[in-house]
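Novice: build the 3D model from these lines:
(one chain, ligands or ions: 1)
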Amino acid sequence: MILLVLTWTIIVLVGLFVVKSLTHQFLIIKNVHRLPGPPSQNLLNGNIGPLYGSPESLFKTVRQWGLDYYPIYQNWVAHVAVANIMNPYDFETILSSSKHISKSQVYDMLHGWLGTGLLTSTGSKWQNRRKILTPSFHFNILQEFIKIFHEETERLVEVLKKECDKPFIDVTGYVSDFALNTIGETAMGTSFSEETANGKRYKDAIHQIGNLYSYRLLRPWFLNKYVYFFSPRYYTERKLVNVLHEFTTEVVAKREKNFKAIKQDASEDFVYSKRKRLAMLDLLLTAKKEDGSIDDEGIREEVDTFMFEGHDTTSAAICYALMLIACHPDVQERIVEEMHQVLAGSTKPDYRTLQELKYLERCLKEVLRLFPSVPFIARVLGEDMTTYSGHHLKAGTMIHLHIYDLHRNPDIYPDPEKFDPDRFLPENCQNRHNFAYVPFSAGPRNCIGQKFAMLEIKAVLCGVLAEFVLEPVDTPESLELKTELVLRSSGGVRVKFVPRKRNRQSDI
Ligand code: HEM
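Specialist: Below is the predicted model of the structure:
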């Protein structure tokens, strides 16, 4: 009898739970459906039929929807509904709140490789990791990294010198290598430039897995892991993840061995030491050793997260910066002139002089406005929200925040396609909405690596511009952009590099 009552109680409780969840899901979808948006087709396609084209046409369609339905619109397919926002007011409500910090289903596909590291985790796990990792970006550490930026820049310049007789160079591959070498050395203390067999396998796997994620992102049905399981690509991904994890695990284990030895004979500031320069991994190992706040798996998650988030993003920004500088000779001349004044002949700025390159900084800000490396981010609302347009959205609603479209809003940035670094003069930013410019996101889940990225990009541009005059090949109009996790151009990014010594007038 007791068993029967217990069974029925459980059935009723489970039933109530299911009904409650379904009702909530129904309300989420109902409210999203009230938003304006493209016309619906059928249950299977919802209103996202036009997205099933090439990545390039998808990119264009999403831009058009952003214009047609500003400031907010909805997409839906089957039981999934997404609110898309492009206006600074809703960006502020979501990004500034500690209630809306959970990432959406889109990020789940990264779990196989990154687990739930800083980028993909939420709640107390995310808070704890953020606390451990924030000191990795202390300026004492960043200034040590600048040496690595210069070393890798020299390598890049050597490669460009060998290729510069050609009518143009597609910079994407070379710059990606530069960025991967740089983050490998700073996050793990591993030099990929030496091209060991394992390092090469690891680098190849990173490039290949990036392609797989792009493929999956464009096929929403594969975002469901059970459906993806039936795709041959699932098994390719498993193999790549094994290569990536094996490598990281080995690097962490080696470092841990050395770390113990170093700690015994090291001074207080071992983390900043020139010789050991392994700040990110060292901090994680310290946390493991001192208070057990992170374990081996957690350390691997974070190292993998930095490798992922810290290379493709900076690489994209550097490529678009080279292209835009090439397209604007007046801007190029001004940057070189500023380098001349601030660096007084040196091609290797230090932490202080990098901060003084104010015009270069404005140029980079403008590059990231026009070509934000991360064109959109996605969240799940942690509590109900009323949007700028007066719509009510329920907790649990999936939100896509389109940084790319926010940055091209003509009401905020008149003549938005124009490359104009002076938009970032202090007097021109004064009246701009605080959330109108968010290439690194904003609020509690902003990019932890933004200072690192700005220093790295400035350093590499100084090194390249000291050696070459850039001439335009691709222009913003000639690029075919496509939707991926990072903003990419289908045909690469082509620039002509002319050695400066052949161009005496603009010599530094
Ligand atoms: C131009 C370069 C970069 C851009 C434009 C950029 C942009 C962003 C954006 C938009 C986010 C928010 C992602 C989201 O909410 O889903 C983010 C987060 C993050 N970025 Fe970056 N990033 C750059 C470079 C870097 C670098 C160099 C590193 C590491 C060294 C890095 C590490 C991270 C991490 C770990 C997060 C997650 C932070 C958290 O959730 O607490 N990023 N980045």
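Novice: tell me which parts of the stretch 401-508 of the chain are close to the ligand?
Specialist: 439-441, 445, 447-449, 452-453 (Cβ under 6 Å from any ligand atom). Just so you know, the C-beta spots here come from the backbone N, C-alpha and C atoms, and that holds for glycine as well.
Novice: as JSON lines, those residues with neighbour count would be great.
Specialist: Below are those laid out as JSON lines (neighbours: other Cβ atoms under 10 Å):
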{"residue": "Pro439", "neighbour count": "25"}
{"residue": "Phe440", "neighbour count": "19"}
{"residue": "Ser441", "neighbour count": "18"}
{"residue": "Arg445", "neighbour count": "21"}
{"residue": "Cys447", "neighbour count": "19"}
{"residue": "Ile448", "neighbour count": "20"}
{"residue": "Gly449", "neighbour count": "23"}
{"residue": "Phe452", "neighbour count": "24"}
{"residue": "Ala453", "neighbour count": "23"}
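Novice: of these, which belong to strands?
Specialist: For these, not one is inside strands, with DSSP state E as the criterion.
Novice: what about the nearest residue to Leu160 once chain neighbours are set aside, which SS state?
Specialist: Leaving aside its sequence neighbours, Leu160 sits nearest to Phe497 (Cβ to Cβ, 6 or more residues apart in numbering; 5.4 Å). The three-state label for Phe497, taken from DSSP: H, G, I helix; E, B strand; the rest coil, comes out as strand.
Novice: which strand residues bridge Phe497?
Specialist: Leu470 (DSSP bridges).
Novice: measure Arg379 to the ligand for me?
Specialist: 7 Å (Cβ to the nearest ligand atom, to the nearest Å).
Novice: show me what the closest residue in space to that residue that isn't next to it in sequence bridges to in the sheet.
Specialist: Spatially, and ignoring its direct neighbours in sequence, Arg379 is nearest to Ile399 (4.9 Å; Cβ to Cβ, 6+ apart). In this structure, Ile399 bridges to Ala83, Arg379 when assessed by DSSP bridges.
Novice: list the contacts of the residue in the stretch 351-500 of the chain that the ligand sits nearest to.
Specialist: Using Cβ to the nearest ligand atom, the closest approach of the stretch 351-500 of the chain to the ligand is made by Gly449 at 2.3 Å. Gly449 makes contacts with 137, 306, 309-310, 313, as judged by Cβ atoms under 8 Å, 6 or more residues apart in numbering.
Novice: quick one: which of those residues sit in helices?
Specialist: 306, 309, 313 (DSSP state H).
Novice: wait, what's in contact with the last one?
Specialist: Residues in contact with Thr313, defined by Cβ under 8 Å, 6+ apart, are 373-374, 449, 453, 486.
Novice: 6 Å - rerun?
Specialist: Ser373 (Cβ atoms under 6 Å, 6 or more residues apart in numbering).
Novice: how much space separates it from Val486?
Specialist: Distance of Thr313 to Val486, computed by Cβ to Cβ, to the nearest Å: 6 Å.
Novice: tell me which parts of this protein are close to the ligand?
Specialist: So the chain meets the ligand at 103, 118-119, 130, 305-306, 309-310, 313-314, 317, 373-374, 377, 439-441, 445, 447-449, 452-453 (Cβ under 6 Å from any ligand atom).
Novice: for the stretch 401-508 of the chain, which spans come out with low pLDDT?
Specialist: Where the stretch 401-508 of the chain drops to pLDDT under 70, the residues are 502-508.
Novice: 50 instead, please
Specialist: Along the stretch 401-508 of the chain, the parts satisfying pLDDT under 50 run over 502-506.
Novice: which residues of it fall in strands?
Specialist: In the stretch 401-508 of the chain, the strands defined using DSSP state E, counting those that start in this stretch lie at 468-472, 481-482, 488-489, 494-499.
Novice: which one of those lies closest to Leu27?
Specialist: strand 481-482 (34.9 Å; Cβ to Cβ).
Novice: give me the helices and strands touching that closest one, please.
Specialist: Judged by 3 or more Cβ pairs under 6 Å, 6 or more residues apart in numbering; DSSP states H and E, strand 481-482 is in contact with helix 55-68.
Novice: return the set of buried residues in the helix it packs on.
Specialist: 55-56, 58-63, 65-66 (16 or more other Cβ atoms under 10 Å).
Novice: likewise for stretch 19-39?
Specialist: Within stretch 19-39, the residues scored as buried using 16+ other Cβ under 10 Å are 27-29, 31-32, 35, 37-38.
Novice: okay, that stretch in PDB with CA atoms only?
Specialist: Output in PDB follows, covering the C-alpha atoms of stretch 19-39 (Å, rounded to 0.1, in the frame of the first residue of the first chain):
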ATOM      1  CA  VAL A  19       3.200  20.300 -17.000                       C
ATOM      2  CA  LYS A  20       4.900  23.300 -15.300                       C
ATOM      3  CA  SER A  21       8.000  23.100 -17.500                       C
ATOM      4  CA  LEU A  22       5.900  22.800 -20.700                       C
ATOM      5  CA  THR A  23       3.600  25.700 -19.600                       C
ATOM      6  CA  HIS A  24       6.700  27.800 -19.000                       C
ATOM      7  CA  GLN A  25       8.300  26.800 -22.400                       C
ATOM      8  CA  PHE A  26       4.900  27.600 -24.000                       C
ATOM      9  CA  LEU A  27       4.900  31.100 -22.400                       C
ATOM     10  CA  ILE A  28       8.500  31.700 -23.500                       C
ATOM     11  CA  ILE A  29       7.700  30.800 -27.100                       C
ATOM     12  CA  LYS A  30       4.300  32.700 -27.000                       C
ATOM     13  CA  ASN A  31       6.000  35.900 -25.900                       C
ATOM     14  CA  VAL A  32       8.900  35.600 -28.500                       C
ATOM     15  CA  HIS A  33       6.300  35.000 -31.200                       C
ATOM     16  CA  ARG A  34       4.700  38.400 -30.300                       C
ATOM     17  CA  LEU A  35       7.900  40.100 -31.600                       C
ATOM     18  CA  PRO A  36       8.000  41.300 -35.200                       C
ATOM     19  CA  GLY A  37      10.000  39.100 -37.500                       C
ATOM     20  CA  PRO A  38      10.200  37.400 -41.000                       C
ATOM     21  CA  PRO A  39       7.100  35.600 -42.100                       C
END
